[in-house]
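Enquirer: quick one: sequence and predicted model below, then my questions.
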Amino acid sequence: MAAVRKPARRGLRRRFASSAVPTQWQESSYAEIAWEKSRSAATRWAVFGSLLGVVFGLVLFAPAAWLASAVASATGQRVLLSDARGTVWSGSAIAVLTGGPGSRDASSLPGRLEWTLRLKGLGFELRARHACCLNDTVSVHLKPGLGRMSVELAPKPDWIGQWPGAFLGGLGTPWNTLQLGGSLRLMSSGLKMELVQGRWIVDGQAEIDMLQASSRVSTLEPLGSYRFSLIGAAGGSSQLRLSTLEGALQLNGEGTAGPNGVRFRGEARAATEADESALNNLLNIIGRRNGAVSVISIG
């Protein structure tokens with residue numbers, strides 16, 4: 001019986017051995033499966049790489065027109081960057097003031113406003129140049145956050161920008177009626193504005209001087225020079241002040257700007273009785289007449 005069992009075990013070992021060795025068909029199937037997996041992975045990476053390239057290209061070469069559209073939207077169509085050229089990161093445009101949607105009033109500055117935008121820390125640094133109106137290069141730091149946006153104007157030892165008074169005529173009434181002459185000069189020792197839940201919080205100080213002002217509705221020229229001050233305190237309302245530096249037209253007032261809006265009370269009057277007749281039309285436009293005084297009231 002032992003002689004009978006030995007051939008049976010050798011035959012069983014041969015059957016096990018033959019079943020453990022892959023056939024040519026099995027080897028081909030494994031190769032096809034591996035190739036399909038490799039091709040699928042390569043396709044996924046190719047699609048991902050293409051999408052990443054498109055996103056990177058859009059960010060790197062985003063047209064300047066996108067920035068112009070954002071500025072127009074943020075200012076209610078009152079500040080426009082016309083004929084925008086270049087990219088969001090490095091471009092130029094013509095600065096225009098308008099009275100808003102549907103307004104026919106518009107005024108532009110000579111030359112082109114140029115800018116560069118780059119990453120800095122957790123935000124961006126905007127550097128602007130405008131031969132006509134900016135004092136060399138002006139830097140603004142932008143820091144976006146969750147539900148907030150911080151804008152900080154870098155201080156300069158003298159003045160930041162100077163614009164012709166006639167530029168305000170593009171804003172419409174009453175500026176288009178006044179047709180101001182003279183110049184506007186911006187100065188600041190540091191100003192930070194933060195947009196939080198739809199309202200602005202101001203910290204720092206800025207002053208706008210109206211120098212050698214004139215108006216087509218008055219025969220007196222110049223009317224004088226004036227200063228408007230914005231004094232902000234983080235977490236509180238900002239203080240507004242209007243004062244006369246010198247001139248035949250005297251302007252003075254105070255107010256606040258905060259969560260409840262802007263409130264301002266002031267008055268305009270002639271410095272002398274001799275100047276009152278020449279300033280009469282202008283005083284009627286500036287505010288509500290109360291004898292020789294024109295009362296200015298906002299809010």
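Expert: Happy to help now that I have it.
Enquirer: which residue ranges of the stretch 151-299 of the chain form strands?
Expert: Taking DSSP state E, counting those that start in this stretch as the test, the strands found in the stretch 151-299 of the chain are 161-164, 180-196, 199-215, 224-232, 238-247, 249-258, 261-270, 288-290, 293-298.
Enquirer: could I get those as TSV with mean neighbour count and distance to residue 155?
Expert: C-betas here are computed from N, CA, C, even on glycine. TSV is the format used below for those (neighbours: other Cβ atoms under 10 Å; distance: least, Cβ to Cβ, whole Å):
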stretch	mean neighbour count	distance to residue 155
strand 161-164	18	13
strand 180-196	17	4
strand 199-215	18	9
strand 224-232	18	14
strand 238-247	17	17
strand 249-258	18	21
strand 261-270	17	24
strand 288-290	11	38
strand 293-298	16	28
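Enquirer: can those strands go into JSON lines with extra columns for mean pLDDT and distance to residue 102?
Expert: Conversion of those to JSON lines gives the following (pLDDT from 0 to 100; distance: least, Cβ to Cβ, whole Å):
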{"stretch": "strand 161-164", "mean pLDDT": "97", "distance to residue 102": "25"}
{"stretch": "strand 180-196", "mean pLDDT": "92", "distance to residue 102": "23"}
{"stretch": "strand 199-215", "mean pLDDT": "92", "distance to residue 102": "26"}
{"stretch": "strand 224-232", "mean pLDDT": "95", "distance to residue 102": "28"}
{"stretch": "strand 238-247", "mean pLDDT": "96", "distance to residue 102": "29"}
{"stretch": "strand 249-258", "mean pLDDT": "94", "distance to residue 102": "27"}
{"stretch": "strand 261-270", "mean pLDDT": "94", "distance to residue 102": "24"}
{"stretch": "strand 288-290", "mean pLDDT": "93", "distance to residue 102": "28"}
{"stretch": "strand 293-298", "mean pLDDT": "95", "distance to residue 102": "23"}
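Enquirer: can you list these in CSV and add distance to residue 88?
Expert: Conversion of the strands of the stretch 151-299 of the chain to CSV gives the following (distance: least, Cβ to Cβ, whole Å):
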stretch, distance to residue 88
strand 161-164, 22
strand 180-196, 20
strand 199-215, 24
strand 224-232, 29
strand 238-247, 30
strand 249-258, 30
strand 261-270, 32
strand 288-290, 46
strand 293-298, 36
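Enquirer: of those strands, which is nearest residue 142?
Expert: With respect to residue 142, and counting by Cβ to Cβ, the nearest of the strands of the stretch 151-299 of the chain is strand 180-196 at 10.6 Å.
Enquirer: and the angle for the closest one with strand 199-215?
Expert: Here strand 180-196 runs at 180 degrees with respect to strand 199-215, directions being taken by axes from the mean of the first three to the mean of the last three Cα atoms, to 10 degrees.
Enquirer: distance from strand 180-196 to the middle of the chain?
Expert: A distance of 15 Å separates the centroid of the chain from that of strand 180-196, by Cα atoms, centre = their mean, to the nearest Å.
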